[in-house]
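Participant: Mind looking at a prediction? Sequence and model below.
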Amino acid sequence: MPHSPHLSETLPGHPHIARHGATLMVESLPAAELAARFGTPLYVYSRAAIEASARAYADAVGDRPVALRYAVKANSSLAILQLLSRLGWGFDVVSGGELARVLAAGADASQVVFSGVGKTDAEIEAALRAGVQCINVESLSELQRLNRVAGSTGVPAPVSLRINPDVDPRTHPYISTGLRNNKFGIAQSQARQAYAQCMQLPHLRVLGIDVHIGSQITEIGPYLDALDRVLDLVHDIERDGVRLHHLDLGGGLGIRYADETPPSPAQWIDALCERLQARGQGHRQVLLEPGRSVVGNAGVLLCEVVTLKSSLEKHFAVVDAAMNDLMRPALYEAWQRIEPAQARDGAQAMHYDVVGPVCESGDWLGRDRQLDLREGDVLAILSAGAYGMAMASNYNTRPRAAEVLVDGGKAQLIRERESLQDLLRGEHPLQD
Ligand code: LLP
């Protein structure tokens, strides 16, 4: 299909990534120029897009008692954490490493919650010493551990218990976390006993209750079901004499990868607040931990076509990004839109599997995509701002990609491409 050079078309769900005629732009910069300047594979983020989604959340909250805690696991690059910290966000971390990152980014520890199903003594101690807002505890055994570490550290531990509400978030099975057979949280039926135990442990201070049912959730219903179960429990637990200061309702709001129509942050927050009101709980302090919906559609992964090849059955575009750079397709069979940085006229368009050079048949980035390609072309994989770089590995001894933040017509390198020396650092050759 011929492209008009004057046509400007935003890509669905990507307000700051647009096609100007044949040229794919990130804010005011052509993607192909960024690839030429910084090399590929390259993660590129739009600052305006991140700020817009952060603002959409803040506007949705308004003056209601809802505090935003960005889930660092979605994208933990320092510059992005700094951006959100400056906008007043707190953070949800799940490891000592993520805690160190948010502190390095200038976060206020009293706005940091520490989640995760297997915190070590050292991680708990670091969180207590930093003065985090709350530790979300996932099991009875972890309660004992936390009490012991808080005792030896001399810092009482602020605690929420993560409840497993047994709600189906209707998302990919690998990213549902609130079903009873998932490893997460404390079963609802054990919750009262767990709070009773908390009250007996001298170094714990009960603050709240926590729930997180999954990720890439595209409907409100499962959230309301989970909230109802939490509120039932809150009622019982407070009747037992425990005062709960906040409800942490987790993250999980989906984004548009293809044709999904997830609720907006405002629809999500309004629905939660309305249900709280309806149940006479509108005064409760609520924490939310969104990750993907803050950064997901603010980023693209740029890669270059290395080789075009055809088997008897298929056409392959082998690119210089791979499953180690973007794991979601290999891990979840996730679909992410793929766009040429510079569109051709379509005369030689074919159905390609876009694959990486890693030695696994699971190493694909997109299947059966109609593209008009030549070797050397640059492709953009969209919706790569969340769970892209954060999940990258060095498999096949591939250095991790560089990251760039675009702000209008400026591009800043926010993470250097890893070097081969980086990869060999810390390894010791055989002594004899
Ligand atoms: N809070 C907790 C306790 C979580 O476990 C998660 C995500 C979040 C918040 C943030 O959820 P979000 O708003 O980003 O959906 N790698 C997968 C997603 C894993 C999500 C794990 N937990 C993917 O690429 O789809």
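Facilitator: Here it is on my side, so go on. Numbers count the residues shown, from 1 in each chain.
Participant: can you pull out the helices in the stretch 301-432 of the chain?
Facilitator: Using DSSP state H, counting those that start in this stretch, the helices of the stretch 301-432 of the chain run over 328-332, 420-424.
Participant: With adjacent residues omitted, what lies nearest to whatever residue of the stretch 101-250 of the chain ends up closest to the ligand?
Facilitator: Residue nearest to the ligand within the stretch 101-250 of the chain: residue 215 (3.2 Å; CB to the nearest ligand atom). C-beta: built from backbone N, CA, C; applies to glycine. Using CB to CB, 6 or more residues apart in numbering and skipping residues adjacent in sequence, the residue nearest residue 215 is residue 175, 4.1 Å away.
Participant: export the longest strand seen in the chain as CSV, just CAs?
Facilitator: Secondary structure of the chain read by DSSP state E shows that its longest strand is strand 299-310. Extracted as CSV, the C-alpha positions of strand 299-310 are listed here (Å, rounded to 0.1, in the frame of the first residue of the first chain):
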residue,chain,number,x,y,z
GLY,A,299,8.7,2.2,24.6
VAL,A,300,9.8,0.4,21.4
LEU,A,301,12.6,-2.0,20.7
LEU,A,302,14.5,-1.2,17.5
CYS,A,303,16.3,-3.9,15.7
GLU,A,304,17.9,-4.3,12.3
VAL,A,305,17.1,-7.0,9.7
VAL,A,306,20.3,-9.1,9.4
THR,A,307,19.1,-11.8,7.0
LEU,A,308,16.1,-12.6,5.0
LYS,A,309,15.7,-16.3,4.3
SER,A,310,13.0,-18.7,3.1
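Participant: Show me what it is packed up against.
Facilitator: With contacts taken as 3 or more CB pairs under 8 Å, 6 or more residues apart in numbering; DSSP states H and E, strand 299-310 sits against helix 31-38, strand 42-46, strand 315-319, strand 378-381.
Participant: Please identify which of these is closest to the ligand.
Facilitator: For the helices and strands packed on strand 299-310, proximity to the ligand was assessed by CB to the nearest ligand atom; strand 378-381 is nearest, at 13.1 Å.
Participant: Not counting the closest one itself, show me its contacts.
Facilitator: Here strand 378-381 makes contact (CB atoms under 8 Å, 6 or more residues apart in numbering) with 17, 24, 31-32, 35, 40, 300-305, 317, 319, 321, 326, 336-342, 354, 365-366, 371, 373.
Participant: hang on, residue 123 packs against residue 94?
Facilitator: No. Contact criterion CB atoms under 8 Å: residue 123 and residue 94 do not qualify, at 9.3 Å.
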